[in-house]
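Could you work out the structure for the sequence below:
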Amino acid sequence: MTKIDTKIFKTLSDPNRLRILKMLQSKSLCVCEITDVLKLAASTVSKHLSILREVGFIIEQKDGKWVNYMINPRPSDARISSVISTLDFWISDDQVILSDKQKVQKVDRSEVCSR
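Numbering: from 1, shown residues only. I've put the predicted structure just below:
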């Protein structure tokens, strides 16, 4: 097993990072939107996003004052794409994931980011 293999699996070992990945499969989100859904501190969410970005699962895109996070459409390592598609098989029926998916559709950036 290579160092990158270990890093991929270590990244996926945290339930909140899995939740973030599944949320980002629905749509791109900023830190405050993810924070609102997960009910975690912004610093905690930022750390999770940093880890996901470092491994190649997600990318960020600036949009004015916003930084949007999204699933990396073209990761340099093909295993990343494979893992993301496999997540659907393993955790798509998880009740927490399903609840998050509903919350993501209702989250209103103009409300949650102005607090």
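
show me where this structure has strands.
Under the criterion DSSP state E, the chain contains strands at 58-63, 66-71.

can I get those strands in a markdown table with mean pLDDT?
Output for the strands of the chain, formatted as a markdown table (pLDDT from 0 to 100):
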| stretch | mean pLDDT |
| --- | --- |
| strand 58-63 | 96 |
| strand 66-71 | 95 |
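
Of the ones you listed, flag the one that's most buried.
Highest mean neighbour count among these (mean count of other CB atoms under 10 Å): strand 66-71, with a mean of 17. In short, each C-beta sits where N, CA and C put it, glycine included.

Check which helices and strands that one sits against.
Where contact means 3 or more CB pairs under 8 Å, 6 or more residues apart in numbering; DSSP states H and E, strand 66-71 is packed against helix 15-26, helix 31-38, strand 58-63.

let's see 6 Å
helix 15-26, strand 58-63 (3 or more CB pairs under 6 Å, 6 or more residues apart in numbering; DSSP states H and E).

Show me the shaky parts of the chain.
1-4, 115 (pLDDT under 70).

want to throw the strands of the chain into CSV with distance to Leu87?
As requested, the strands of the chain are exported to CSV (distance: least, CB to CB, whole Å):
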stretch, distance to Leu87
strand 58-63, 13
strand 66-71, 10
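
Out of the ones you listed, which gets nearest to Ala41?
strand 66-71 (16.5 Å; CB to CB).

Next, the angle from the closest one to helix 15-26.
Relative orientation of strand 66-71 versus helix 15-26 (axes from the mean of the first three to the mean of the last three CA atoms, to 10 degrees): 100 degrees.
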